[in-house]
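Asks: the following comprises the amino acid sequence and a computationally predicted model.
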Amino acid sequence: MSVSLDGELVLVTGGGQGLGAATSRVLASAGAIVAVTDLREERADAVAREIGSEGGKAFALRIDVGDERTAPSSLVAAAEAHGGLFALINNAGVDFTTPLDELTVEQWDTVLRTNLRGPFLLAQAAAAVMKRQKRGHIVNVTSTAAKRAWANASAYHASKWGLLGLSYALHAELRPYGVRVCALVAGGMRTPFLLERFPDLDPSKLQDPTNVAETIKHVLTQPPGTAIAEVMVIPTEETSWP
């Protein structure tokens, strides 16, 4: 029997657009209280307001996921205000499509800071809350970039392969405390993350991010005693595999 999300706090990073926004909407429609977080607070606020206008419960937070001074404390404060934290969705991500000989150290650090350091910082804070609760979920949104490789994406691949490894390490470490960790391997989606950078992509061959968000809901509603450690969701006509 699936678990209800009614009244459960879920924090979604990168919630202001794309998969993060779709996930926020899907989980709110299932009864969750969604903390929609984004580096750009106006985006998060727009999604939270939309959810509220449709009868759901959501609030916006500005979180710079890579900032160790503010990101963990923001998560803990939200959890304390709502009597706990049911799930953390590490979704925020950035990339530079740049050949190795043109990739700067600053660009490398930006990608790793958001895509890997951020999930580590927030998972560390979430785990402390969830271990006390003896329950909770951490979903790390990785990518088919953690399974294969293509040119001009070395920093992105490094971050997503690293996030997949981090997910499995946390899965092994936190299972005894009732905390379930899932790596969600997502293929190409009709989101600004892809379409704004690759205008030649055929949107019809990409998947609706809502479909991926529904998979996240499926992971979160598994009954106690079952953990989904990894799940891959790709378009029927996958475009990200060279």
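Replies: Right, received. Where do you want to start? Numbers count the residues shown, from 1 in each chain.
Asks: how about residue 197, what does it touch?
Replies: Neighbouring residues of residue 197 by C-beta atoms under 8 Å, 6 or more residues apart in numbering: 95, 97. Yep, even glycine has a C-beta here, placed from its N, CA and C like the rest.
Asks: what helix or strand is it located in?
Replies: Residue 197 is part of no helix or strand, with elements assigned from DSSP states H and E.
Asks: quick one, phi psi at it?
Replies: Here is the backbone geometry of residue 197 (degrees, to the nearest 10): phi -90, psi -30.
Asks: how many neighbours does the residue lying closest to residue 32 once chain neighbours are set aside have?
Replies: In space, residue 32 comes closest to residue 5 once its chain neighbours are excluded; the distance is 4.2 Å by C-beta to C-beta, 6 or more residues apart in numbering. Counted with other C-beta atoms under 10 Å, the neighbours of residue 5 add up to 22.
Asks: ok, residue 5 to residue 23 distance?
Replies: 12 Å (C-beta to C-beta, to the nearest Å).
Asks: so where's this structure uncertain?
Replies: Confidence mapping of the chain against pLDDT under 70 gives the ranges 239-242.
Asks: find the nearest non-adjacent residue to residue 177, please.
Replies: residue 131 (4.4 Å).
Asks: do you know how far residue 202 is from residue 156?
Replies: Taking C-beta to C-beta, one finds residue 202 at 21 Å from residue 156.
Asks: more neighbours: which of the two?
Replies: A count of neighbours by other C-beta under 10 Å puts residue 156 above the other of residue 202 and residue 156, at 23 against 9.
Asks: just confirm the more buried one is within a helix.
Replies: Yes - if the criterion is DSSP: H, G, I helix; E, B strand; the rest coil, then residue 156 is within a helix.
Asks: what separates it from residue 183, distance-wise?
Replies: Applying C-beta to C-beta to residue 156 and residue 183 gives a distance of 16 Å.
Asks: what's the answer for residue 30, then?
Replies: Taking C-beta to C-beta, one finds residue 30 at 21 Å from residue 183.
Asks: which parts of this protein are helices?
Replies: Assigned by DSSP state H, the chain shows helices spanning 18-29, 41-53, 71-81, 105-112, 118-133, 154-174, 192-195, 209-220.
Asks: could I get those as TSV with distance to residue 91?
Replies: Listed next are the helices of the chain as TSV, based on distance: least, C-beta to C-beta, whole Å:
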stretch	distance to residue 91
helix 18-29	5
helix 41-53	12
helix 71-81	14
helix 105-112	15
helix 118-133	9
helix 154-174	11
helix 192-195	10
helix 209-220	9
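Asks: most tightly packed of these?
Replies: Between those, helix 18-29 has the highest mean count of neighbours, a mean of 25, where neighbours are mean count of other C-beta atoms under 10 Å.
Asks: for it, name the packing helices and strands.
Replies: For helix 18-29, the elements it packs on are strand 9-12, strand 33-38, helix 41-53, strand 57-62, helix 192-195, helix 209-220, judged by 3 or more C-beta pairs under 8 Å, 6 or more residues apart in numbering; DSSP states H and E.
Asks: ok, which of the ones you listed comes nearest residue 115?
Replies: helix 192-195 (11.6 Å; C-beta to C-beta).
Asks: give the contact list for the closest residue to residue 155 other than its chain neighbours.
Replies: Excluding the flanking residues, the one nearest residue 155 by C-beta to C-beta, 6+ apart is residue 111, at 4.0 Å. Residues in contact with residue 111 (C-beta under 8 Å, 6+ apart) are 94, 95, 96, 155, 156, 158, 159.
Asks: right, and the second one touches residue 154 too?
Replies: It stands for residue 95. No - counting by C-beta atoms under 8 Å, residue 95 stays clear of residue 154, with 10.5 Å between them.
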